[in-house]
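Student: Provided below for reference: sequence and predicted model.
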Amino acid sequence: MFDVSQIESILKNEATLWLGYSGGVDSHVLLDFLSKSTLKSQLQVVHINHALSLNADTWQAHCENVCHEKNIDFICEKIHWKIKPTRNVEQKSREARYRLYKKHVKKNDVLLLGHHQNDQAETLLLQLFRGSGIKGLSAMQTVSYHDGLNIIRPLLNTERDEIVQYANQNNLKWIFDESNNLEHFDRNYIRKTLMPIIQSRWPNISKTLSRTSNLCHEADDLLKKYARDYYQPTNQLDLKAIKFLEDSELTLIIREWLYSQGFMMPSKAQMQIIIKDLVHAGEEKQALFKSDNCCLRRFRDQLYAFAIDPMQERQAYTLSWDTQDDLLLPQLNINLFCVNRKGTGNVMVSSRKGGERIPFKNGHKSLKQCFQEWKIPYWERNQLPIIYQGSDIIAVGVIWQREGWEFAISSNLPEIA
């Protein structure tokens with residue numbers, strides 16, 4: 001069925017193998033096979049109770065009993081829904097499942113999943129019907145890295161019939177999720193209605209679609225290598241190097257850059273907006289793009305990606321501070337420290353209100369003008385605490401500090417060299 005050396009060759013020294021065990025036939029066969037192999041000592045099982053079926057607790061008990069019989073460590077995580085999903089159930093369950101996997105699977109560990117060749121074929125067809133590009137049609141890979149997780153799918157080149165045959169030959173008892181019969185789920189409709197029709201004409205369609213997926217993956221790898229030449233692994237993308245490229249190249253580079261930062265890739269329609277309103281916007285325009293999981297802003301020739309819009313309103317504050325103890329500013333989620341001071345008495349710490357002027361040896365200059373000269377992105381300007389002695393500004397965060405004063409903060413606010 002598969003060779004255990006396939007997994008062994010990828011493992012790092014003493015890495016833990018975490019098997020995502022649902023109790024279904026695929027993960028049960030994988031568990032049985034591994035429990036009889038040389039890898040058993042490295043194996044731990046994690047079961048996710050999705051709390052969506054009335055049978056969920058029964059399935060959990062079944063999985064725990066199987067692991068107990070095989071003397072394998074068993075961990076269960078239960079999803080606690082604020083509101084149980086009624087739409088996009090599969091996607092929301094998958095996202096919640098992976099979040100719980102990440103609680104246990106460490107950097108050098110490996111997560112084993114029981115996806116097989118028929119799953120691969122279904123995934124490719126799903127992506128095709130959704131209008132996905134090459135990355136989507138790459139579907140799943142035997143070895144992959146996703147959101148901080150090393151993942152191996154040892155059964156990906158094995159057909160489901162072979163898996164069931166192994167289960168029957170070894171007298172395994174597995175669970176069946178009744179939701180797999182509900183054809184209003186797209187994947188179930190493909191499995192139960194479309195695939196039998198296709199297989200009646202092309203019996204080897206699962207193997208053929210798996211080969212197509214691998215070809216798409218090879219093409220996607222080449223495109224990713226091209227795109228990586230234009231971005232660094234940060235939330236900042238230099239537009240100077242790409243703004244004169246064709247729109248198709250811009251789309252590839254920006255999508256790959258966002259994907260590398262853990263964001264979902266924008267759709268074609270969204271990319272058209274990003275290219276028009278941000279890439280080709282004037283430098284002084286405060287351009288913005290927002291999606292469900294990403295916020296993009298431009299400053300000068302740089303494009304920035306955020307999970308939360310940094311321009312969201314923050315509560316104004318004015319605080320008196322003796323500088324002896326740390327000052328917590330919950331509005332900014334930072335601690336302010338005084339390293340060195342001049343004179344006595346309290347100072348005032350305030351949010352920016354507008355119209356502030358900084359005293360220099362040759363006269364005053366507006367804070368707004370200073371920010372422009374210091375090249376501070378506009379969304380960071382209102383996040384900097386302004387510190388006063390009397391009516392005079394003595395510090396702007398840690399960007400500018402008057403002679404004799406030195407402050408430090410506990411976050412990564414910008415500093416001027």
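Tutor: Here it is on my side, so go on.
Student: quick check, distance from the lengthiest helix in the chain to the centre of its chain.
Tutor: When the chain is parsed with DSSP state H, its longest helix is helix 205-228. In this view, helix 205-228 has its centroid 22 Å away from the chain centroid, taken as C-alpha atoms, centre = their mean, to the nearest Å.
Student: helices or strands next to that helix in the packing?
Tutor: Here helix 205-228 touches helix 117-129, helix 134-137, helix 195-201, helix 247-260, going by 3 or more C-beta pairs under 8 Å, 6 or more residues apart in numbering; DSSP states H and E. Any C-beta I mention is one placed from the backbone N, CA and C, and that applies to glycine too.
Student: would you list these in TSV and tack on mean neighbour count, distance to Q232 and mean pLDDT?
Tutor: Shown next, in TSV, are the helices and strands packed on helix 205-228 (neighbours: other C-beta atoms under 10 Å; distance: least, C-beta to C-beta, whole Å; pLDDT from 0 to 100):
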stretch	mean neighbour count	distance to Q232	mean pLDDT
helix 117-129	20	29	94
helix 134-137	18	21	91
helix 195-201	12	43	96
helix 247-260	19	9	94
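Student: right, and the ones you listed - which one's nearest Y230?
Tutor: For the helices and strands packed on helix 205-228, proximity to Y230 was assessed by C-beta to C-beta; helix 247-260 is nearest, at 4.8 Å.
Student: CA-only coordinates of the helix or strand following that closest one in PDB, if you can.
Tutor: Beyond helix 247-260 on the C-terminal side, the first helix or strand identified by DSSP states H and E is helix 268-274. Provided in PDB are the C-alpha atoms of helix 268-274 (Å, rounded to 0.1, in the frame of the first residue of the first chain):
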ATOM      1  CA  LYS A 268      -9.100  38.100 -10.100                       C
ATOM      2  CA  ALA A 269     -11.600  40.900  -9.500                       C
ATOM      3  CA  GLN A 270      -9.800  41.900  -6.300                       C
ATOM      4  CA  MET A 271      -6.400  41.900  -8.000                       C
ATOM      5  CA  GLN A 272      -7.700  44.300 -10.600                       C
ATOM      6  CA  ILE A 273      -8.700  46.700  -7.800                       C
ATOM      7  CA  ILE A 274      -5.400  46.300  -6.000                       C
END
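Student: okay, buried residues for helix 268-274 please.
Tutor: Taking 16 or more other C-beta atoms under 10 Å as the neighbour-count basis, helix 268-274 is seen to contain the buried residues Q270, M271, I274.
Student: can you tell me what sits against whatever helix or strand comes next after that helix?
Tutor: Towards the C-terminus, the helix or strand next in line after helix 268-274, according to DSSP H and E, is strand 288-290. Outside of strand 288-290, the residues within contact range by C-beta atoms under 8 Å, 6 or more residues apart in numbering are Q270, I273, I274, D277, L278, C295, L296, R297, D309, M311.
Student: can you tell me which of those residues is nearest W18?
Tutor: When these are compared for distance to W18 (C-beta to C-beta), C295 comes out closest, at 33.1 Å.
Student: how about the helices of this protein, start to end?
Tutor: 5-8, 25-35, 56-70, 89-101, 117-129, 134-137, 160-169, 186-189, 195-201, 205-228, 247-260, 268-274, 367-374, 378-381.
Student: mind checking which of these is nearest K342?
Tutor: The stretch from the helices of the chain with the least distance to K342 (C-beta to C-beta) is helix 367-374; that distance is 20.6 Å.
Student: how about residues contacting the closest one?
Tutor: Contacts of helix 367-374 (C-beta under 8 Å, 6+ apart): R352, E356, R357, I358, Y378, R381, I386, I393, V396, I399, W400, I416.
Student: buried ones in that helix?
Tutor: Within helix 367-374, the residues that qualify as buried by neighbour count (16+ other C-beta under 10 Å) are L367, C370, F371.
Student: pull up the gap between the spatially most central residue of the chain and S132, please.
Tutor: With distances taken as C-alpha atoms, centre = their mean, the chain has G262 as the residue nearest its mean C-alpha position (3.5 Å). In this structure, G262 and S132 are separated by 19 Å, where distance is defined by C-beta to C-beta, to the nearest Å.
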